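Student: got a structure for you, letters missing:
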């Protein structure tokens, strides 16, 4: 049940991508993201450019050096604040921020799901493909170097099934390998092996599985491994599995998550007798604090994305794309307001008044934060009377000024604190046709039950209208409306990775 963990805010920029790219083409997805960047007048985009050095003075990064081999250019970028969203954390690495890699043992942070002893193994990488059904047979002759598979290799790795990403169209996230290697230094080797695996899987589907795939042909195969994990940098706070399971409140929350603690065997497809993932269900949504995004030893370096400060197990939830997106929005908003206030990144979380402004700005920008409501004194709607053309029970017009925009309490039948493994549920549903829903909702003391929206009565027909009135004249600068973004619907970027 994804509606309670689906994110809003900046992530809703993906909605136009869904309408402009309904075929879910990987190449067109890149173009759609590029289009979003081109639409931002204040954004300077340097594609194919890599940070190679940083100059640090007294714990402050003064400037970074970046190189673009395609044009033989070198860039010096000076700034008051730097945010590393590079995934592998190249900027933070060059700036000397300490990092973690691999799986911590149980003794390191007291996490029950951690292995007894730590190691340097990570989640593996994946290469996807896209295929299309044609109106005639499309033979496939595999190269000599592809992997060869047997039916038993797919015991826990379904294909050719109904569902969002288990058919033949979009490849398979479980085509995974490289977690026993260095996913940075060995990335070229990992790519070559993943190509052999991906094409080997397709060869098995086409020529050996017995599926009716005669008219199917590959349209696209990725050449850049989708990297799940590499470096995790140490911040002012390290997020742990206990923080996620217990939905620990953080006063400096700038984002939230709810994806399962989604661990994978580092061996990937080389471990056919193991499920490709263990999705440890999180019963509650959880806070992501700004301190997990501020470098521990640099005054002006922040982290956003999969390189933030978390244990391997906590990272196994925060790493997914939509969560990374809202973390980026939270960090970007914090930096922007801190710069205006003259506060260094290292001091933001300790400034309660500044944090309150940051959180209120995020809410205004349609982000969601657990247990936070709109308290903006400049919001005239908060003191207006509200009437509407019609309303439904539970969706009364007055709810538009409740200060909350998300229903995250879950349905009445949602069991409180339920445990489970979501991937095992997927396999069981494929085998039996019966599903067992697992809900990730706000904890009871932070849920604030209700729809928190106006819903007109369909029987009253259209037009439907909403009216705000005040006891005395007011000067209105802008009107902001937040519409239901269909969080129950499948969108690009919500697929399992």
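Tutor: Received the coordinates, thanks. Bear in mind that the values here come from a model prediction, so they are computed numbers and not experimental data.
Student: buried set for stretch 96-108?
Tutor: By neighbour count on 16 or more other C-beta atoms under 10 Å, the buried set for stretch 96-108 is 97, 99, 100, 101, 103, 104. All C-beta spots, glycine's among them, are computed from the backbone N, C-alpha and C.
Student: same check on stretch 320-336?
Tutor: For stretch 320-336, burial by neighbour count (16+ other C-beta under 10 Å) applies to 320-335.
Student: same check, this time on stretch 440-454
Tutor: If you call a residue buried by 16+ other C-beta under 10 Å, then stretch 440-454 has these buried ones: 440, 441, 442, 443, 446, 447, 448, 451, 452, 453, 454.
Student: could I get these as JSON lines with pLDDT?
Tutor: Formatted as JSON lines, those follow (pLDDT from 0 to 100):
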{"residue": "440", "pLDDT": "91"}
{"residue": "441", "pLDDT": "91"}
{"residue": "442", "pLDDT": "93"}
{"residue": "443", "pLDDT": "92"}
{"residue": "446", "pLDDT": "93"}
{"residue": "447", "pLDDT": "91"}
{"residue": "448", "pLDDT": "91"}
{"residue": "451", "pLDDT": "87"}
{"residue": "452", "pLDDT": "89"}
{"residue": "453", "pLDDT": "90"}
{"residue": "454", "pLDDT": "94"}
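Student: of these, which belong to strands?
Tutor: Here DSSP state E is the test, and the buried residues of stretch 440-454 give no hits in strands at all.
Student: would you confirm that residue 267 contacts residue 178?
Tutor: No. Using C-beta atoms under 8 Å, residue 267 makes no contact with residue 178, being 9.4 Å away.
Student: if you count surrounding residues, which of those two has more?
Tutor: residue 178 (26 against 16; other C-beta atoms under 10 Å).
Student: might one say that that one is in contact with residue 226?
Tutor: No. Using C-beta under 8 Å, residue 178 makes no contact with residue 226, being 10.7 Å away.
Student: what do the two both touch?
Tutor: Among the neighbours of residue 178, those also in contact with residue 226 (C-beta atoms under 8 Å, 6 or more residues apart in numbering) are residue 125.
Student: still on that earlier bit, between residue 267 and residue 178, which contacts overlap?
Tutor: Common neighbours of residue 267 and residue 178, using C-beta under 8 Å, 6+ apart, are residue 124.
Student: which of the buried residues of stretch 96-108 sits closest to residue 205?
Tutor: Closest approach between the buried residues of stretch 96-108 and residue 205, by C-beta to C-beta: residue 103, at 32.2 Å.
Student: what bridges to the closest one?
Tutor: Residue 103 forms beta bridges with residue 119, as assigned by DSSP bridges.
Student: quick one: contacts for it?
Tutor: Going by C-beta under 8 Å, 6+ apart, residue 103 touches 114, 115, 118, 119, 120, 121, 122, 312.
Student: okay, now residue 56: neighbour count?
Tutor: Other residues near residue 56 come to 19 when the count uses other C-beta under 10 Å.
Student: confirm it sits in a strand?
Tutor: Yes. Counting by DSSP: H, G, I helix; E, B strand; the rest coil, residue 56 is found in a strand.
Student: find the residue closest to it in space, skipping its chain neighbours.
Tutor: Residue nearest to residue 56 in three dimensions, not counting chain neighbours: residue 95, with 5.8 Å by C-beta to C-beta, 6 or more residues apart in numbering.
Student: same question, residue 205
Tutor: residue 213 (5.5 Å).
Student: and residue 156, by the same measure?
Tutor: residue 275 (4.5 Å).
Student: can you count the residues close to the one you found?
Tutor: When counting by other C-beta under 10 Å, one arrives at 18 neighbours for residue 275.
Student: any idea how far it lies from residue 154?
Tutor: Taking C-beta to C-beta, to the nearest Å as the measure, residue 275 falls 12 Å from residue 154.
Student: how about residue 267?
Tutor: To residue 154, residue 267 is 15 Å away according to C-beta to C-beta.
Student: flag the shaky bits of this protein, pLDDT-wise.
Tutor: Residue ranges of the chain with pLDDT under 70: 1-18, 163-165, 485-497.
Student: I'd assumed residue 204 was in contact with the residue nearest to residue 205.
Tutor: No. In this structure, residue 213 is not within contact of residue 204 by C-beta under 8 Å, at 10.1 Å.
Student: all helices for the stretch 1-150 of the chain, in order.
Tutor: Along the stretch 1-150 of the chain, the stretches classed as helices by DSSP state H, counting those that start in this stretch are 14-20, 26-38, 90-94, 106-109.
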